[in-house]
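Trainee: Sharing a model that was predicted from the sequence below.
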Amino acid sequence: MAVDLWSTVHTERAALATDLTGLSDRAWATASLCRGWTVVQVLGHMTATATMTPGRFLGKLARSGFRFPVMVERDIAAQTSGSPADTLAAFVAHVDDSTAPPGPADSWLGETIVHATDIRWPLGLEHPFPADAVVRVAEFYRGSNALIGAKRRIAGLTLRATDTDWTTGSGPEVSGPALALVMAMTGRVAAHERLAGPGLAELAARP
């Protein structure tokens, strides 16, 4: 698929920063779709990821006793130690970074799209991501169980996008916008209200 990955990541980070400019302190404290994290914490995580390199990742992981969740929480705490405006400013400063932890490049496109949506939907914001970018992320997640277990979550189901030409799997169908399918694949329960089909109950029952 003809997606310029890093250019898309940079564009989508910038769009998110624009959407969050002028957000109230109360809105920053809104629970995101990423379980246990507020809106500002998700943005801090996105900044931490954008500034990461493989070497930095391994060093931080070692200093966290090779406990990945501990490393992530420490990074979020560091990125959100100031005001929400400070957190947003730090994110803006790294919008055009093309560094990342070790892992497949498609996972960083997915990280950007999914976490931006984790932030936007609870705030009542909608954003039209490029269809080819969302499909590329869907293709990546359908074959991956790394960290989020998407492949396991959709096993035995057919997923069909209603806003673009994309489908995967076999079995009872779950249909809806491609972005909602991606969010459901990554375990975001809030996406289910945007989906339909005989397989939805089965998908909703899976952790």
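Mentor: Nice, I can see it.

Trainee: Going by C-alpha atoms from here, please, whenever you check contacts or count neighbours.
Mentor: Noted.

Trainee: From the contact counts, what lies against whichever strand or helix holds A48?
Mentor: For A48, the element it lies in under DSSP states H and E is helix 39-50. The criterion is 3 or more Cα pairs under 8 Å, 6 or more residues apart in numbering; DSSP states H and E, and the helices and strands that helix 39-50 contacts are helix 25-28, helix 68-79, helix 84-93, helix 105-120.

Trainee: how many degrees apart are the worst-scoring helix or strand of the chain on mean pLDDT and helix 68-79 in direction?
Mentor: Least confident helix or strand of the chain, by mean pLDDT, DSSP states H and E, is helix 54-63 with a mean of 92. Computed with axes from the mean of the first three to the mean of the last three Cα atoms, to 10 degrees, the direction of helix 54-63 lies at 110 degrees from that of helix 68-79.

Trainee: packing partners for helix 54-63?
Mentor: Packed against helix 54-63 by the contact rule (3+ Cα pairs under 8 Å, 6+ apart) you find helix 68-79.

Trainee: quick one: the helix it packs on to helix 39-50, angle?
Mentor: Using the same axes, to 10 degrees: helix 68-79 against helix 39-50 is 110 degrees.

Trainee: re earlier: go through the helices and strands packed on helix 39-50 and pick out the most buried.
Mentor: helix 105-120 (a mean of 21; mean count of other Cα atoms under 10 Å).

Trainee: before we move on, back to that, how about residues contacting the least confident helix or strand of the chain?
Mentor: R67, F68, M71, A100, P101, P102 (Cα atoms under 8 Å, 6 or more residues apart in numbering).

Trainee: Which one of those residues is nearest to T162?
Mentor: A100 (32.0 Å; Cα to Cα).

Trainee: what about the closest one, distance to V134?
Mentor: To V134, A100 is 20 Å away according to Cα to Cα, to the nearest Å.

Trainee: Find the centremost residue of the chain, please.
Mentor: When Cα atoms, centre = their mean is applied to the chain, the residue found nearest the centroid is V114 (2.2 Å).

Trainee: Now tabulate the contacts of helix 54-63 in JSON lines and tack on distance to G55 and pLDDT.
Mentor: JSON lines is the format used below for the contacts of helix 54-63 (distance: Cα to Cα, whole Å; pLDDT from 0 to 100):
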{"residue": "R67", "distance to G55": "16", "pLDDT": "93"}
{"residue": "F68", "distance to G55": "15", "pLDDT": "90"}
{"residue": "M71", "distance to G55": "14", "pLDDT": "94"}
{"residue": "A100", "distance to G55": "10", "pLDDT": "91"}
{"residue": "P101", "distance to G55": "8", "pLDDT": "91"}
{"residue": "P102", "distance to G55": "9", "pLDDT": "90"}
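
Trainee: what bits of this structure have low per-residue confidence?
Mentor: 1-2 (pLDDT under 70).

Trainee: surely V137 meets T112?
Mentor: No - using Cα atoms under 8 Å, V137 is not in contact with T112, being 10.1 Å away.
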